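S.K.: Structure for the following, please:
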Amino acid sequence: MRIAYICADRGVNPAGSGGSATHVRELVRALVARGHEVTVFAAAAEGAASVLPCEVVDLQADRSMAELHTRLQRAARAIGDSSRAPKEIQGLLLNDALASALSNMSPPADVVYERQSLWSVAGLGHATRRGIPHLLEVNAPLVEQQKDYRELELLSAAAGIEGLLLAGSDRVLVTSPGLVDYARMHGASRRDVRVVPCGVSASLLEQSSGEARPRDPSRFVVGFLGSLKPWHGIDVLLRAFRKLHAADFCYRLLIVGDGPEREGVERYLRTNGLDAFSELTGNVDPSEVPAQLARMDAGVAPYPELPSFYFSPLKLWEYAGAGVPIVASDSGDLPRLFPHREAALLHPAGSASKLAAQVIKLREDPSLAARLARRARQIARAHTWDRIAARVERIATDAMRDKAARH
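M.R.: Residues are numbered from 1 along each chain as shown. From the prediction side, this is the model:
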């Protein structure tokens, strides 16, 4: 199968270190390993060709796009425009480069697989013109997320594009059950929505034996892997760590990742005298993640109370694959994936005191920690990226069959 894989989000580089980058990179690798011919069309592609086993087309390398970027920045500075409008317009105009690149793909694609981004519509247009399936991967309620947590100048345009994509795609692949209703409410057909969660790298499973590791009794490392964004519950984690430190100086905090909340995190740790007991690594190369996970005695996912929970947390799969005991909020689908006291310790979302109490429980009961880690690892083995790619393969084949039947 020839797959045109589109990632037109300029904030997601397949060579990057965040969860979104990992998702793109691992799914593409798994599809190629299954024998598919994949071409990646990326809006942020620096270094991507060195980490992906396939052709990578850099959409922003288009000469006219580079000139446009320069002129938009220059014009915005000249009139003192600090809004996001110029960047949003550039995202819209990137469709021209994408349409051109897709039309030049040789041999042409059998299916278009697109990671949803705010402004990208050329992939759907190309698939429609060629009569091939368009599969849309939805990882978040993008328009709502951008509006609530960042800035969104062209709100009506973004909402219109989202509705067009959801209604026009042959299959909509959401990463969690929490996104099913959102997709349907915004245009997706009930019969075309599929749940395809994140996975775990087989190499991570291979690198970790899953056996209980010897630990320094004078230190217990509470680890967080992921981006520092407000919806990831960093404030809950900090309040919990303050309680842990007050209970015993043995606790250490290890944060592996970076993001917009970092300055606030550092300020909180400094103000509360916790900086000497904490480490923020910033972004690390993906190859370094297993070593960072090996330093953790507990891996946390401290989500706050949210109006809706739509995440398929990559961090949980990586904790599980590496044999790190999990402490997480009981949000969304997490209790089904990692049952409480069977594969993780779960607590009410937003509760720093419960999070702290569960970390203490893991430290005081090593046998419980080992049992939870073993079960979580067994669950992870059923969610490798190869299995996720096989699911995508079946969905694409089914969509191609439907398309052929209509013609």
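S.K.: and S353, what does it touch?
M.R.: By Cβ atoms under 8 Å, 6 or more residues apart in numbering, S353 lies in contact with A240, K243. Any C-beta I mention is one placed from the backbone N, CA and C, and that applies to glycine too.
S.K.: Look at it and give its secondary structure.
M.R.: helix (DSSP: H, G, I helix; E, B strand; the rest coil).
S.K.: before we move on, what about Q146?
M.R.: Q146 ends up helix, using three-state DSSP.
S.K.: Per-residue confidence at it, what does it come out as?
M.R.: Per-residue confidence (pLDDT) for Q146: 84.
S.K.: Might you list the low-confidence residue ranges for this structure?
M.R.: Counting by pLDDT under 70, the chain contains low-confidence ranges at 62, 209-214, 407.
S.K.: domains in it, as residue ranges please.
M.R.: Taking automatic domain parsing as the reference, the chain has its domains at 2-199+384-406, 202-381.
S.K.: Determine the number of other residues adjacent to R71.
M.R.: Residues near R71, counting by other Cβ atoms under 10 Å, number 12.
S.K.: Please name the residues that touch it.
M.R.: So R71 contacts nothing (Cβ under 8 Å, 6+ apart).
S.K.: how about the strands in the stretch 101-250 of the chain?
M.R.: Assigned strands in the stretch 101-250 of the chain, in chain order: 111-115, 134-138, 171-174, 193-195, 220-225 (criterion: DSSP state E, counting those that start in this stretch).
S.K.: list the buried ones in the shortest one?
M.R.: What that stands for is strand 193-195. Buried residues in strand 193-195, counting neighbours by 16 or more other Cβ atoms under 10 Å, are found at V193, R194.
S.K.: Residues contacting that strand, please?
M.R.: So strand 193-195 is contacted by R171, V172, L173, V174, T175, S176, P177, V180, A183, R184, R391, I395 (Cβ under 8 Å, 6+ apart).
S.K.: Surely A396 is in a helix?
M.R.: Yes: the assignment for A396 is a helix, going by three-state DSSP.
S.K.: And it, how close does it get to V57?
M.R.: 20 Å (Cβ to Cβ, to the nearest Å).
S.K.: on that earlier part again, now restrict the contacts of strand 193-195 to buried residues only.
M.R.: Buried among these (16+ other Cβ under 10 Å): R171, V172, L173, V174, T175, S176, V180, A183, R184, R391, I395.
S.K.: Show me which pair in those is furthest apart.
M.R.: Largest separation among the buried ones among the contacts of strand 193-195 by Cβ to Cβ: R184 and R391, giving 20.0 Å.
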